[in-house]
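Novice: coords please:
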Amino acid sequence: MKNIGLMAALLFLLPCSVDGAIAQSLPPSRQAADAAMAHWPAAGFAGATGAERSGRERLLEALDEEWLGTADAKYFRYIESAVDPLIAADGTIEGHDENSRSLNRVALGRELLLLHRVTGQKKYFEAAANLRRQPGSQPRGPDGSLRHSKESPGEMRVEDLLNAEPLNAEFAAVFQQPQEFAGIARRLALFEERARDARNGLMKGRVEEENSSFGEKSAADQRAELHNTAVFMSALVATLPYFPRTEGERASLIAILRRVADAAAHAASEQREEASVPQPTQMGAETPTLALTQRVIAYAIAKSVRLGFLPASYFGNAEALFHDAGEHSSRASLDGDPAGAAAFILASREMEIAPLAKRAQGARVLLDAWFNSQKRVNALGQSEFFHYKWDDFSDSGFSLLSHLFRDFGIATDTLYNPPRSSNLGGAQFYILVSPDIPAKNPTPHYMTERDALQIAGWVRRGGILLMMENDPANADIEHFDLLADKFGIHFNNVLSHHVIGDAFSMGRIVAPGGGEFFERPRVLYMKDTCTISLRGSARPLLTDKGDVTMAASKYGKGTVFAVVDPWLYNEYTDGRKLPSDYDNFGGAQDLLNWLIRQHWD
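Specialist: Numbering: from 1, shown residues only. Okay, the predicted model is just below:
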């Protein structure tokens, strides 16, 4: 293992109470995350300043990924515990000045937005909105470029882009502000245009007005420019996922990403760590270690490949840089440096899930928002879709399932219209969940025979259909069976697995493992379900107390999966509610493995 030096340093930081065997059984990213949380307790976040504060904010972003990718609630709890002491009930942020000349604190807005989206608490939204307003008060150039401060109105800095633009993009996506994307793209493009040295493709960290000169460079200058390029790549990769596929500027940003990724990979492969003691650094610092820079670039490239922003051929560059960074690591690069730990966690995780992503790279899953089209009012008073939706981070959403699909290299999309050959054709997977009844939606869209024929035709041609029903009090069963019956599957209009309050054992289902679907034993939770009857070639995948709870059916070249409950929504997958022996998230991983086998094996 080429990262043994870094892992030894991280494991040294683990408290003695941690069982060594358990720690060693975890993947490196989780070992590093656990070690970082032990070394930099959440209670110390509020008192951190300067480089350490900036580094801790990057660490929170890394722990976001660990929580969403593992469903281990301790990572979410750490973020919550770190941020809460800073936020008053009205959303005021301790020590924050909206007129501050620094944008360093703005990065915290993404954590606040995550906490709001998960918990619904207004204080987090108000705090995030306060931070998002700050870039708007910063001076701008005549072309709209973001300038660093009133004291230096002609200067642009790369770290300002990393702190501000991902928050701007997420806010615009969540709160229906598509007009913001053009400005975000323009600010990123303007910086790249002025900061990039055409000779080697690397970037300055700061540029003045419209003039940039590039003279002779020392080794330290080149090291700093490589790190600036890595920071810029991080800003792009954190921002791009929020751009709608139809947004015109998205393609131009992807072209910029490819250009700077080429330059960064080439330059990084030629640089080697100097024989000096590395100094703790933050993202955007002028004297970064090469190992930190390599990990940031490796993470940015690997994630871009997984999300489809860069071709698969780029992954080899990321892998080589990651391994090289491991060879040059030392404990000195971690002590007092949460940014270094964050870079290792993020890059390690991308390396760990890369084999998954390769299996289904380029595939697309469509989630229905027609038969289940429930809406609610958000913090800005806007009407938004929710309940089993990809971008719903609350208990009712599928945000963890969405993250898991993307870990497998599968792009997530939503269908807001009736299913037709024209809008199903580009997807390999289609998910229908808990169709509406009047009690849930005053104007439900019931399944029709035409809808059923369109979907069945798509399955016959090779599509993979997931049908997630519910109990009769919460979902339409009668019309949904127009479709299910075509595959030899029938949802029964009965109530099963009824759960009273938090008596979780009433919804306990044991999957024994060793079968077609569950390769290892799982304890699952399903609350208030229907049951399934089968005929023809349809077959059970899981039964409980004599009732079929999961089933499959081959239909032409395609496959249908049916289950009696929308069992993979956040409330019962994100680790915050169910007792630890329940493993719906592990069941979700089994589901995706099974789905991929149906399509590619």
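Novice: got any ranges where the stretch 151-300 of the chain has weak pLDDT?
Specialist: 151-153, 209-215, 272-288 (pLDDT under 70).
Novice: for the residue nearest the centre of the chain, what are its contacts?
Specialist: Compute the mean C-alpha point of the chain, and by CA atoms, centre = their mean the closest residue is His403, 4.9 Å away. For His403, the contacting residues are 68-69, by CB atoms under 8 Å, 6 or more residues apart in numbering. For glycine as for every other residue, the C-beta is placed from the backbone atoms N, C-alpha and C.
Novice: Packing partners of whichever strand or helix holds Ala220?
Specialist: Ala220 belongs to helix 219-239 when assigned by DSSP states H and E. Applying 3 or more CB pairs under 8 Å, 6 or more residues apart in numbering; DSSP states H and E, one finds that helix 219-239 makes contact with helix 158-174, helix 180-195, helix 248-270, helix 290-306.
Novice: Does anything pack onto the last one? Which helices or strands?
Specialist: With contacts taken as 3+ CB pairs under 8 Å, 6+ apart, helix 290-306 sits against helix 219-239, helix 248-270, helix 315-327, helix 338-359.
Novice: export these to a markdown table and tack on distance to Thr448 and mean neighbour count?
Specialist: Output for those, formatted as a markdown table (distance: least, CB to CB, whole Å; neighbours: other CB atoms under 10 Å):
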| stretch | distance to Thr448 | mean neighbour count |
| --- | --- | --- |
| helix 219-239 | 40 | 23 |
| helix 248-270 | 35 | 18 |
| helix 315-327 | 44 | 21 |
| helix 338-359 | 35 | 24 |
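Novice: Please tabulate those in a markdown table and include distance to Thr49 as additional columns.
Specialist: Output for the helices and strands packed on helix 290-306, formatted as a markdown table (distance: least, CB to CB, whole Å):
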| stretch | distance to Thr49 |
| --- | --- |
| helix 219-239 | 20 |
| helix 248-270 | 30 |
| helix 315-327 | 28 |
| helix 338-359 | 13 |
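Novice: ok, back up a step: how about CSV for the helices and strands packed on helix 219-239, with distance to Leu380 added?
Specialist: Shown next, in CSV, are these (distance: least, CB to CB, whole Å):
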stretch, distance to Leu380
helix 158-174, 9
helix 180-195, 13
helix 248-270, 23
helix 290-306, 29
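Novice: Tell me which of those lies nearest to Asp547.
Specialist: Asp547 lies closest to helix 290-306 among these, at 38.3 Å (CB to CB).
Novice: Off-centre distance for the closest one?
Specialist: In terms of CA atoms, centre = their mean, to the nearest Å, the centre of helix 290-306 is found 16 Å from the chain centre.
Novice: coming back round to it: right, and the helices and strands packed on helix 219-239 - which one's nearest Ala475?
Specialist: Taking the helices and strands packed on helix 219-239 one by one with CB to CB, helix 158-174 is closest: 26.6 Å.
Novice: So which bits of the closest one are buried?
Specialist: Going by neighbour count (16 or more other CB atoms under 10 Å), the buried part of helix 158-174 is 158-174.
Novice: ok and it relative to helix 180-195, angle-wise?
Specialist: 160 degrees (axes from the mean of the first three to the mean of the last three CA atoms, to 10 degrees).
Novice: Averaged pLDDT, stretch 557-576. What do you get?
Specialist: Stretch 557-576 shows a mean pLDDT of 98.
Novice: right, I mislabeled it, should have said stretch 416-432
Specialist: 97.
Novice: With stretch 486-494 instead?
Specialist: Stretch 486-494 comes out at a mean pLDDT of 98.
Novice: Run through who's touching that stretch.
Specialist: 452, 456, 459, 467, 469, 472, 477-478, 480-481, 484, 530-538, 551, 553, 555, 560, 562, 564.
Novice: what sits against the nearest residue in space to Trp40 that is not next to it in sequence?
Specialist: Leaving out its chain neighbours, the residue that sits closest to Trp40 by CB to CB, 6 or more residues apart in numbering is Pro338, at 5.3 Å. If you count contacts by CB under 8 Å, 6+ apart, Pro338 has them with 36, 40, 52, 55-56, 58-59.
Novice: wait, which of those residues is closest to Ser252?
Specialist: Proximity of the contacts of Pro338 to Ser252 (CB to CB) peaks at Arg58, which lies at 26.8 Å.
Novice: What number of neighbouring residues does the closest one come out with?
Specialist: Arg58 has 23 neighbouring residues, counting by other CB atoms under 10 Å.
Novice: Which of the contacts of stretch 486-494 fall within strands?
Specialist: Among those, the members falling in strands (DSSP state E) are 467, 530-534, 551, 553, 555, 560, 562.
Novice: Quick one: those residues as a markdown table, columns for distance to Asp590 and neighbour count too.
Specialist: Formatted as a markdown table, the ones in strands among the contacts of stretch 486-494 follow (distance: CB to CB, whole Å; neighbours: other CB atoms under 10 Å):
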| residue | distance to Asp590 | neighbour count |
| --- | --- | --- |
| Met467 | 17 | 24 |
| Cys530 | 22 | 25 |
| Thr531 | 21 | 22 |
| Ile532 | 18 | 25 |
| Ser533 | 24 | 16 |
| Leu534 | 20 | 17 |
| Ala551 | 15 | 26 |
| Ser553 | 18 | 23 |
| Tyr555 | 22 | 19 |
| Val560 | 17 | 25 |
| Ala562 | 16 | 27 |
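Novice: Tyr124 versus the nearest residue to Gln121 once chain neighbours are set aside, what's the distance?
Specialist: Nearest residue to Gln121, sequence neighbours excluded (CB to CB, 6+ apart): Leu115, at 7.0 Å. Using CB to CB, to the nearest Å, Leu115 is found at 4 Å from Tyr124.
Novice: Just grab the bridge partners of Val548 for me.
Specialist: Taking DSSP bridges as the rule, Val548 bridges to Ile532, Thr543.
Novice: then stretch 453-470 to PDB, C-alphas only?
Specialist: Below are the C-alpha coordinates for stretch 453-470, written out as PDB (Å, rounded to 0.1, in the frame of the first residue of the first chain):
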ATOM      1  CA  LEU A 453     -47.800   0.500 -22.300                       C
ATOM      2  CA  GLN A 454     -45.100   3.100 -22.800                       C
ATOM      3  CA  ILE A 455     -43.200   1.900 -19.800                       C
ATOM      4  CA  ALA A 456     -43.600  -1.800 -20.600                       C
ATOM      5  CA  GLY A 457     -42.300  -1.100 -24.100                       C
ATOM      6  CA  TRP A 458     -39.200   0.600 -22.700                       C
ATOM      7  CA  VAL A 459     -38.600  -2.300 -20.400                       C
ATOM      8  CA  ARG A 460     -39.000  -4.800 -23.300                       C
ATOM      9  CA  ARG A 461     -36.300  -3.000 -25.100                       C
ATOM     10  CA  GLY A 462     -33.800  -3.400 -22.200                       C
ATOM     11  CA  GLY A 463     -34.800  -0.900 -19.500                       C
ATOM     12  CA  ILE A 464     -34.500  -1.700 -15.800                       C
ATOM     13  CA  LEU A 465     -37.700  -0.600 -13.900                       C
ATOM     14  CA  LEU A 466     -37.900  -0.100 -10.100                       C
ATOM     15  CA  MET A 467     -41.400  -0.100  -8.600                       C
ATOM     16  CA  MET A 468     -41.600   1.000  -5.000                       C
ATOM     17  CA  GLU A 469     -45.100   0.800  -3.600                       C
ATOM     18  CA  ASN A 470     -46.400   1.800  -0.100                       C
END
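Novice: how distant is it from the center of its chain?
Specialist: Counting by CA atoms, centre = their mean, stretch 453-470 comes out at 27 Å from the chain centroid.
Novice: go on, stretch 440-448?
Specialist: The answer for stretch 440-448 is 31 Å, by CA atoms, centre = their mean.
Novice: That stretch spans what distance, first to last residue?
Specialist: End-to-end distance for stretch 440-448, by CA to CA, to the nearest Å: 19 Å.
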